[in-house]
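K.L.:
one predicted model, sequence on top.
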Amino acid sequence: MTLDFARLLLFPALMAFAAASDLFTMTISNRVSLALVAGFLVLAPLSGMSMNDMLMHFGAGAVLLVIAFACFAFGWIGGGDAKVASAAALWFGFAHLMNYLLYASIFGGVLTLALMQFRQWPLPYMLAGQPWLARLHAKDSGVPYGIALALGALMVYPETDWVKAIDAARLAFL
C-alpha cells in the first residue's frame with residue numbers, strides 16, 4: 001500500500017513543485033531533478049520493473065538530456081527545464097515519451113502566447129509589488145517552461161504503468 005501511495009503521489013508532487021518553483025522564481029532546483037531520479041531508482045525495482053526496462057527508461061532520459069541540453073546551449077530553454085524534462089523522460093521511458101513531448105509542446109505554446117499577451121497589458125498597481133509577478137510580467141524575462149513540462153507530465157502520467165499498477169480498490173478502503 002505504501003508503494004501504491006508512492007507511485008500515485010511522488011512523481012506528480014515533484015512535477016507540481018517544479019512548476020510552482022519555475023512560476024515563482026524562474027528557476028527549478030537541481031534537487032527536484034535529483035529527487036525524480038532517486039524516486040525512479042527506488043520505485044522501479046520495488047515495482048518489479050526488469051533491468052532491461054529500467055535501462056530503456058534510462059535511455060529515454062539520456063536521449064532527452066542530450067536534446068534538451070542542446071536546446072539549452074542555444075538559449076531556447078533553461079538548464080532547470082532541461083534537467084527536469086530529462087528526469088520526467090526517465091519515468092516515462094520511450095513508450096510515453098512522444099506523448100509527453102507533444103503535451104509539453106502544446107502547453108508551452110499556449111503558455112508562451114498567454115505570457116506575450118499578459119506582458120502587453122500594464123500590471124495593476126495592487127499586483128506590482130509582487131516580485132514574482134513583476135518578474136513574470138517583464139518583457140525581457142523568459143518563459144517558465146517548467147509549468148508546461150509539469151502539465152504535460154501530469155497529462156501522460158495516468159496512462160503509464162506506474163499508475164495502472166496501483167491497486168485502487170485497496171486505496172479506496174482507507
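P.N.:
Right, received. Where do you want to start?

K.L.:
can you map out the helices along this protein?
P.N.:
In the chain, the helices defined using DSSP state H lie at 2-25, 30-46, 51-73, 79-118, 125-128, 131-137, 146-156, 161-164, 168-172.

K.L.:
pick out the residue closest to the middle of this protein.
P.N.:
The C-alpha lying nearest the average C-alpha coordinate of the chain belongs to residue 150 (Cα atoms, centre = their mean; 3.5 Å).

K.L.:
ok, the closest residue to that one other than its chain neighbours to residue 84 distance?
P.N.:
Nearest in space to residue 150, with sequence neighbours left out and distances taken as Cβ to Cβ, 6 or more residues apart in numbering, is residue 19 at 3.6 Å. C-betas here are computed from N, CA, C, even on glycine. Residue 19 sits 9 Å away from residue 84, taking Cβ to Cβ, to the nearest Å as the criterion.

K.L.:
likewise for residue 165?
P.N.:
On the measure of Cβ to Cβ, residue 165 and residue 84 end up 24 Å apart.

K.L.:
which one of the two is surrounded by more residues?
P.N.:
In terms of neighbours (other Cβ atoms under 10 Å), residue 84 is the more surrounded of residue 165 and residue 84; the figures are 30 against 13.

K.L.:
the residue nearest to the centre of the chain touches residue 16, doesn't it?
P.N.:
Yes. Residue 150 is within contact range of residue 16, at 6.0 Å (criterion: Cβ atoms under 8 Å).
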